[in-house]
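Colleague: turn this into a model:
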Amino acid sequence: MKGSIRDWIKTDGLLHLETSALIAIAISLIFPWAIAGGITLLIGIGKELWDKEHGRVASWHDIVCDIGGIAIGLFLAWI
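Modeller: Numbers count the residues shown, from 1 in each chain. Below is the predicted model:
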């Protein structure tokens with residue numbers, strides 16, 4: 001199915017989603033969920049800034065996938 005969400009996320013986006021979910025779950029074991037989400041988002045933004053400084057492409061796509069992963073991770077930590 002062309003134009004599906006799966007096409008948009010792609011492999012790199014899935015890695016961002018999974019990694020952010022796992023980081024959010026781990027941090028939520030120590031901090032409240034809002035703080036865990038914020039810290040995880042800062043990690044994702046920091047990674048994109050690092051990419052930009054080291055000649056790689058910083059991507060809004062990756063940040064959006066990070067946010068999706070954070071939401072999934074915090075939901076899983078909550079249940």
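
Colleague: going by C-alpha atoms from here, please, whenever you check contacts or count neighbours.
Modeller: Fine.

Colleague: let me see the backbone angles for the residue nearest in space to the middle of the chain.
Modeller: Nearest to the mean C-alpha position of the chain, counting by Cα atoms, centre = their mean, stands residue 66 at 1.8 Å. Main-chain torsions, residue 66, degrees, to the nearest 10: phi -60, psi -40.

Colleague: now do residue 56
Modeller: Per-residue torsions, residue 56: phi -100, psi 170 (degrees, to the nearest 10).

Colleague: report how many residues lie close to it.
Modeller: Using other Cα atoms under 10 Å, residue 56 is surrounded by 11 other residues.

Colleague: what distance do you get for it to residue 48?
Modeller: In this view, residue 56 and residue 48 are 9 Å apart by Cα to Cα, to the nearest Å.

Colleague: same thing with residue 68?
Modeller: From residue 68 across to residue 48, the span is 16 Å (Cα to Cα).

Colleague: mind listing what's buried along the helix ranked longest in the chain?
Modeller: In the chain, assigned by DSSP state H, the helix with the most residues is helix 5-28. The neighbour-count check on helix 5-28 (16 or more other Cα atoms under 10 Å) flags 9, 13-28 as buried.

Colleague: ok now the helix or strand following it, how far from the chain's centre?
Modeller: Going down the chain from helix 5-28, the next helix or strand is helix 33-53, by DSSP states H and E. When C-alpha coordinates are averaged (Cα atoms, centre = their mean, to the nearest Å), helix 33-53 and its chain have centres 8 Å apart.

Colleague: what is the rounded mean pLDDT of helix 33-53?
Modeller: Helix 33-53 carries an average pLDDT of 96.

Colleague: neighbouring contacts of it?
Modeller: 20, 23-25, 27-28, 57-59, 62-63, 66-67, 70-71, 74 (Cα atoms under 8 Å, 6 or more residues apart in numbering).
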